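1. coords please:
(one chain, ligands or ions: 1)
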Amino acid sequence: MGKKLVITACLCGAGTKKSQTPYVPVTPEEIANDAIACAKAGASVIHIHVRDEEGNNCMYTSKFVEVIKLIKKKQKEEGVDLVLNLTSSGSKFPEQMRLNHFPVLKPEMSSYDPLSMNWANSYIFTNSPQFLEKLGVELQELQIKPECEIFNGGDMANVDYYVKKGILKTPVHYQFVLGVTGGMPGTAEALAYLVPKMQPGSTWSISGIGRWHLPCILHGLAMGCDGLRVGLEDNIMYEKGVLATNVQLVERTVRIAKEVGREIATAAEAREILGLVNHDAEVDYEALNPADYIEEDLRLMGK
Ligand code: ZN
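-> Numbers count the residues shown, from 1 in each chain. Model prediction:
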């Protein structure tokens, strides 16, 4: 039997709006419910962004606390294990705000975007050198595994740079996110270029944006990926003209993977495959209070 497959569910991202699909979770309750449902359907890693009261992207620690508390509570109630992967992206926000939630919540994983780019020709996806150094060091200190999101060929060279500088440690985990306009397309050719450029002993996962969703699942499985990422952050369609739910995307991925001989990793198995450290015993999630972080959130936003 082949190695087990780690499925990551990226529930809402920063940009997917209710006006595009009613299925995208944006409130803490909706995000937590989708996290649990996706974990039950076969996802072992849940990638989290949070939204403000209006449903817009935000990086408030207070919101992360609210969402994670709720997920932990529901996990307990329903006996569901899952790995939390919190985003560090957020070009519109102060860099400190993109770091503040990690020491408070100690997730097992964080995204790490090793370069800036013109995102879909709409805004600059900013990751300054100073921020990347700070984030890498902080994640190491907290024993949070960086997931290096790769959009372009140059990202690979920058991962090498940060490994050489000791800002990132090996084994590296790569998350190829292909098909963003401004990045590499979700073709087999693109993946065939990227995979041999990984650090030795690395693990990797792949996601295709929009119409690249299914091709990337198939390319990934054909090339022996460790993981697949699916969810409404990256793609809102199940098929042409039919909107998807996060659970449906996870369920289909499970079916496809099993058909080609890949068993699905549990959260415990994902921890082993990705070399994660679980910090649940270090944080009293029930005792955390979102209100304790609002003042600092607003100060950072200049409000
Ligand atoms: Zn994300």
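2. what about the strands in the stretch 101-250 of the chain?
-> Taking DSSP state E, counting those that start in this stretch as the test, the strands found in the stretch 101-250 of the chain are 109-112, 117-119, 123-125, 145-150, 173-178, 203-208, 227-230, 237-239, 242-243.
3. packing partners for the fifth one?
-> For strand 173-178, the elements it packs on are strand 145-150, helix 188-194, strand 203-208, helix 213-222, strand 227-230, judged by 3 or more Cβ pairs under 8 Å, 6 or more residues apart in numbering; DSSP states H and E. C-betas here are computed from N, CA, C, even on glycine.
4. Kindly recompute the last result at 10 Å.
-> Packing contacts for strand 173-178, counted by 3 or more Cβ pairs under 10 Å, 6 or more residues apart in numbering; DSSP states H and E, involve strand 6-10, strand 109-112, strand 145-150, helix 153-164, helix 188-194, strand 203-208, helix 213-222, strand 227-230.
5. Using CSV, please lay out those together with mean pLDDT, mean neighbour count and distance to the ion.
-> Converted to CSV, these look like this (pLDDT from 0 to 100; neighbours: other Cβ atoms under 10 Å; distance: least, Cβ to the ion, whole Å):
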stretch, mean pLDDT, mean neighbour count, distance to the ion
strand 6-10, 98, 27, 6
strand 109-112, 98, 24, 6
strand 145-150, 98, 25, 7
helix 153-164, 98, 17, 15
helix 188-194, 98, 16, 19
strand 203-208, 98, 25, 10
helix 213-222, 98, 21, 15
strand 227-230, 98, 28, 9
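6. So the residue nearest to Phe125 when sequence neighbours are not counted versus Tyr193, what's the distance?
-> Closest residue in space to Phe125, ignoring its immediate chain neighbours: Trp119 at 4.0 Å, by Cβ to Cβ, 6 or more residues apart in numbering. With distances taken as Cβ to Cβ, to the nearest Å, Trp119 is found 21 Å from Tyr193.
7. Identify each buried residue in stretch 230-239, please.
-> Buried positions in stretch 230-239, judged by neighbour count with 16 or more other Cβ atoms under 10 Å: 230-237.
8. Can you tell me which of the residues you listed is nearest the ion?
-> For the buried residues of stretch 230-239, the minimum distance to the ion (Cβ to the ion) is 5.3 Å, reached by Glu233.
9. Quick check: closest non-adjacent residue to that closest one.
-> Sequence neighbours aside, Gly13 is the residue nearest to Glu233 in space, at 2.8 Å (criterion: Cβ to Cβ, 6+ apart).
10. Next, the one you found: phi, psi?
-> For Gly13, the backbone dihedrals (degrees, to the nearest 10) come out as phi 60, psi -160.
11. Would you mind listing the residues in contact with it?
-> By Cβ atoms under 10 Å, 6 or more residues apart in numbering, the contact set of Gly13 is 24, 47-49, 57, 87, 89, 231-234.
12. Run through those and flag the ones next to the ion.
-> Thr87 (Cβ under 5 Å from the ion).
13. Just list whatever residues bridge to the residue nearest to Phe125.
-> Tyr123 (DSSP bridges).
14. Run through the residues that contact it.
-> Trp119 sits next to 14-15, 89, 91, 125-126, 151, 180-183 when contact means Cβ under 10 Å, 6+ apart.
15. Any of those buried? List them.
-> Listed as buried from the contacts of Trp119 are 14, 89, 91, 125-126, 151, 180, 183; burial here means 16+ other Cβ under 10 Å.
16. okay if I get these as CSV plus pLDDT?
-> As requested, the buried ones among the contacts of Trp119 are exported to CSV (pLDDT from 0 to 100):
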residue, pLDDT
Ala14, 96
Ser89, 96
Ser91, 91
Phe125, 96
Thr126, 96
Phe151, 98
Val180, 97
Gly183, 97
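17. Adding distance to Glu272, write those out as a markdown table.
-> Compiled in a markdown table, those are given as follows (distance: Cβ to Cβ, whole Å):
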| residue | distance to Glu272 |
| --- | --- |
| Ala14 | 30 |
| Ser89 | 27 |
| Ser91 | 34 |
| Phe125 | 32 |
| Thr126 | 34 |
| Phe151 | 28 |
| Val180 | 30 |
| Gly183 | 30 |
